[in-house]
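**Student:** sequence first, then the predicted structure, then my questions.
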2 protein chains.
Amino acid sequence: MNKSRLVKVRNLTIIPVQIMKNQFHTRREFLKTSTLAATSLPFVSALAARAQTAAPEKKLGFALAGLGSLSTYQIAPALPKTHFCKLTGIITGTPAKAERWKAQYNIPDKNIYDYGNMEKMADNPDIDVVYVVTPNGLHAEHTIKAAKAGKHVLCEKPMEVSPEKCRQMIDACKSANRMLAVGYRLHFEPNHLECVRLGREKVFGNMNLIQAEYGFRIGDPKQWRLNRALSGGGPLMDVGIYALQAARYLSGEEPVSVSAIATNNDPVKFKDIEESIAWQLKFPGGIIASCGTTYNFSGLDRFRVFADRGWFELAPAYGYGGIQGRRSDGKWTSFPPMDHFAAEMDDFAQCILNNQPTKVPGEEGLRDLKIMMAIYEAAQSGKTISLT
Amino acid sequence: MNKSRLVKVRNLTIIPVQIMKNQFHTRREFLKTSTLAATSLPFVSALAARAQTAAPEKKLGFALAGLGSLSTYQIAPALPKTHFCKLTGIITGTPAKAERWKAQYNIPDKNIYDYGNMEKMADNPDIDVVYVVTPNGLHAEHTIKAAKAGKHVLCEKPMEVSPEKCRQMIDACKSANRMLAVGYRLHFEPNHLECVRLGREKVFGNMNLIQAEYGFRIGDPKQWRLNRALSGGGPLMDVGIYALQAARYLSGEEPVSVSAIATNNDPVKFKDIEESIAWQLKFPGGIIASCGTTYNFSGLDRFRVFADRGWFELAPAYGYGGIQGRRSDGKWTSFPPMDHFAAEMDDFAQCILNNQPTKVPGEEGLRDLKIMMAIYEAAQSGKTISLT
């Protein structure tokens, strides 16, 4: 684990400026916003000069593996908004999708792969990074193939369906001397970073309780997310992971124990996976996190942190846009909308270009998988599971 | 247990009108409000005629046992707002308080008692009901003394510090053929009743998850609430019980299991009791409740119910005023402010006058005590505790 190294090398407070810069199309637009933000955020002010760096010399070529709705509606549209990335290739098992994407994004035939010939990417200098957006249970296979072909890998969350698979991915990238990051887009989102700051700087004193929930009513009963072999689990793996992540980065600690209760009111639709699950984490510094997720109802989209002298929250908290913060003292700072995926990809590209570690490495994905397995175990056994 | 009997005899939907009626000083004032409410609440409309009943023939005499801040600032000021109750006596161990109350409320010497001579109330026809507002761990002693003196008893929550003490209270009142109710004021609060209705009538479909939390940062470290011998526990016994109650009356079910995590970040101040505790309840119909309470921070004051097609919530939810509801479809009905204690006392008085069972009997207090003991056991053992 290179966590301590990460803390030294990369400073959390550096990220927002780079993100903001990347999200605005002109220097003037960015500076205007950063000056505005600087009135209440000293760390942004202190680093605003960075916004004046020149345009990047090189953009990294990204190939998307898996052309489902996330790639179609979020990631592909985000790529033109980045400063350091460009869409150069695709990997898909569906020839019709290949044709559509080829036409829409002007992708040359030589940069189109399927899951059976990914090793041929080794000879393709157009592709620097493979962004793995396939079903959870295929992430290891596709990550390992990409790494063996000499590509860096950005892998969607959850990293895989088991800690063992995560370790295989970490090992494969390490052996290939390639970087591996997990698509935790909210590590680059300014409202979330502001809440992390409020906690770290004890603006409201010591934190006591973190409530975090994310869930929704899932549609099509035939989608892969309801199939354990591909998903590894239900809403916990899919969106509960955001609540778990929030509890971890808001507390700044790793949980020491977990208890959980799961329910299943629709055992036909959710025959393979949990329908709803609520879990509680205990952190070594005394913080409790009370979290929940579901595939059966909507409205679960927030966190709130209760500290000694007040609280702060995001609600909605986890979507691609519309995130809204509040503080018990009424002094919330608004941030301009930004593209989470563009920020995430630009950060990874800069890590590669500057040979710096990512703050969302494979080890971070592995930590979540270990905790999620303990949450399932707690729900099944009715016992508090130790994580130490 | 006479729960099934209660359901038959008293209809939940009847209550609001009686409460509303009791809270308005003129018939005109009440009718105006009930007509307004009737536009969206058919059950209020259907029963509005009841508002025209005549003034009560007899007001029951209430003696307050324990003259702390709740009696001073809530209960005594509420009594003149009732229709069926009047303050006729006090029971206190502090002569200076007796003098102050005697002067302020014009209480005759013969109606002033201390905890050592409560048996003498048997000869006092001015006192029909003793409202026990002493520390939790003294409720049984004072309830039993009042019952033996032939008085009905309204006892503050939590009913006592153990299920065994609750059973003694129930038995004593039964032997004396006197009624016993627990001061669960929110059973008479129209916002809470509206949420119960939204759940029962499945306005948003089946309920899935109930989040309920109530807590605050406690002041004076020397108060009895921090002394386990008198309090029986910490914030769970004091205010967490409101979240537990909400989970139970919103679900309309009794929980089958509970898990919990407690924390204590200030073991000097909270040497005797839990500081914060989060717990989860599983109900037989598949609903999960995720609840929490604390004595160490503020801002924890709400519930939200997630159902198949939407949610509804109160936030703030549990205070003496300012309760605010919301629904996911935006169609919340506002209710006029009312005095919770006046409603609670009037309801108990009417139950006595009409010889009808209360919907908050001792058995209801006992149920909460049993569950709270299981919550503590779950937190201490790290195991899910079965409640069946």
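**Tutor:** Structure received.
**Student:** what's the most centrally placed residue in chain A in contact with, if anything?
**Tutor:** Of all residues in chain A, the one closest to the mean position by Cα atoms, centre = their mean is residue A:184, 1.1 Å from it. Residue A:184 is in contact with A:157, A:245, A:344, A:360, A:364-365, counting by Cβ atoms under 8 Å, 6 or more residues apart in numbering or on different chains. To be clear about C-beta, it is placed using only N, CA and C from the backbone, and glycine gets the same treatment.
**Student:** name the nearest of these relative to chain B.
**Tutor:** For the contacts of residue A:184, the residue nearest chain B by Cβ to the nearest Cβ is residue A:245; the value is 18.4 Å.
**Student:** residues near the closest one, how many?
**Tutor:** Neighbour count for residue A:245, taken as other Cβ atoms under 10 Å in any protein chain shown: 24.
**Student:** just residue A:176 next, same as before
**Tutor:** Neighbour tally, residue A:176, other Cβ under 10 Å: 18.
**Student:** list the contacts for it?
**Tutor:** A:147-148, A:150.
**Student:** drop anything exposed from the residues you listed.
**Tutor:** Among the contacts of residue A:176, the ones that count as buried by 16 or more other Cβ atoms under 10 Å in any protein chain shown are A:147-148, A:150.
**Student:** mind listing the residues bridging to the nearest residue to residue A:374 once chain neighbours are set aside?
**Tutor:** Leaving aside its sequence neighbours, residue A:374 sits nearest to residue A:385 (Cβ to Cβ, 6 or more residues apart in numbering or on different chains; 4.3 Å). Per DSSP bridges, the residues bridged to residue A:385 are residue A:258.
**Student:** all helices of the stretch 51-200 of chain A, in order?
**Tutor:** Remark: helices assigned in the stretch 51-200 of chain A by DSSP state H, counting those that start in this stretch are A:69-70, A:76-78, A:95-105, A:139-148, A:163-175, A:190-200.
**Student:** quick check: the residue nearest to residue A:374 touching residue A:258?
**Tutor:** Yes: using Cβ atoms under 8 Å, residue A:385 is in contact with residue A:258, at 5.3 Å.
**Student:** partners of residue A:310 in the sheet?
**Tutor:** residue A:307.
**Student:** can you give me every residue that contacts it?
**Tutor:** A:204-205, A:327-329, B:298-299.
**Student:** sorry, back to before: so who does the residue nearest to residue A:374 touch?
**Tutor:** A:257-259, A:374-375, A:377-378.
**Student:** Throw the residues you listed into CSV and include pLDDT, neighbour count and distance to residue A:292, thanks.
**Tutor:** Listed next are the contacts of residue A:385 as CSV, based on pLDDT from 0 to 100; neighbours: other Cβ atoms under 10 Å in any protein chain shown; distance: Cβ to Cβ, whole Å:
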residue, pLDDT, neighbour count, distance to residue A:292
A:257, 95, 19, 17
A:258, 95, 27, 13
A:259, 94, 29, 13
A:374, 98, 21, 16
A:375, 98, 29, 11
A:377, 97, 13, 17
A:378, 95, 24, 13
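**Student:** and those residues, which is closest to residue A:136?
**Tutor:** Set against residue A:136, the nearest of these by Cβ to Cβ is residue A:375 (15.7 Å).
**Student:** do I have it right that that closest one meets residue A:261?
**Tutor:** No: assessed by Cβ under 8 Å, residue A:375 is found out of contact with residue A:261, at 10.2 Å.
**Student:** who touches both of these two?
**Tutor:** Shared contacts of residue A:375 and residue A:261 (Cβ under 8 Å, 6+ apart): A:277, A:279.
**Student:** and the nearest residue to residue A:233 once chain neighbours are set aside, what element?
**Tutor:** Nearest residue to residue A:233 in three dimensions, chain neighbours excluded: residue A:273, at 5.6 Å (Cβ to Cβ, 6+ apart). For residue A:273, there is no helix or strand it lies in under DSSP states H and E.
**Student:** residue A:347 too?
**Tutor:** helix A:340-354.
**Student:** what's the angle between that helix and helix A:190-200?
**Tutor:** Inter-element angle recorded for helix A:340-354 and helix A:190-200: 70 degrees (by axes from the mean of the first three to the mean of the last three Cα atoms, to 10 degrees).
**Student:** what packs against helix A:340-354?
**Tutor:** Applying 3 or more Cβ pairs under 8 Å, 6 or more residues apart in numbering or on different chains; DSSP states H and E, we find helix A:340-354 packed against helix A:15-23, strand A:60-65, helix A:76-78, strand A:85-91, strand A:129-132, strand A:152-155.
**Student:** what is the neighbour count of residue A:93?
**Tutor:** Neighbours of residue A:93 (other Cβ under 10 Å): 14.
**Student:** just checking, it touches residue A:115?
**Tutor:** Yes: Residue A:93 is within contact range of residue A:115, at 5.4 Å (criterion: Cβ under 8 Å).
**Student:** out of the contacts of residue A:176, flag the one nearest to chain B.
**Tutor:** For these, the nearest to chain B is residue A:147 (39.3 Å; Cβ to the nearest Cβ).
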